[in-house]
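**Q** what follows is a protein structure lacking sequence information:
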């Protein structure tokens, strides 16, 4: 059973563009185009045109296509400690 969300508090999580902030949504949530979005306070993962797109604060920082190719805005490090 899920806990009901107090709708009177929903407006506290809506920005000036009418979008919910990441703090209001957790887990996997279908959007209007049925792509799955995973949202946290700062990160969002969204399927766009067959690719997984990774955003930080609304800025696209990386994407992965269906073949596993990853394109990143910055360098990708291997064999390090995360």
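**A** Okay, I see it. In this text, all values refer to a predicted model and were calculated from it rather than measured experimentally.
**Q** and the residue nearest to residue 54 when sequence neighbours are not counted, what helix or strand is that in?
**A** Of all residues not flanking residue 54 in the chain, residue 62 sits nearest, at 4.3 Å (C-beta to C-beta, 6 or more residues apart in numbering). The way it works is simple: take the backbone N, C-alpha and C, and place the C-beta from them, glycine included. Here residue 62, judged by DSSP states H and E, is contained in strand 59-64.
**Q** for residue 58, give its distance to residue 44.
**A** Distance of residue 58 to residue 44, given as C-beta to C-beta, to the nearest Å: 8 Å.
**Q** so between these two, which is more surrounded?
**A** residue 44 (17 against 9; other C-beta atoms under 10 Å).
**Q** run through the bridge partners of the more buried one.
**A** Bridge pairing for residue 44 (DSSP bridges) gives the partners residue 39, residue 55.
**Q** would you agree it is in contact with residue 59?
**A** No. At 10.0 Å, residue 44 does not count as touching residue 59 under the criterion of C-beta atoms under 8 Å.
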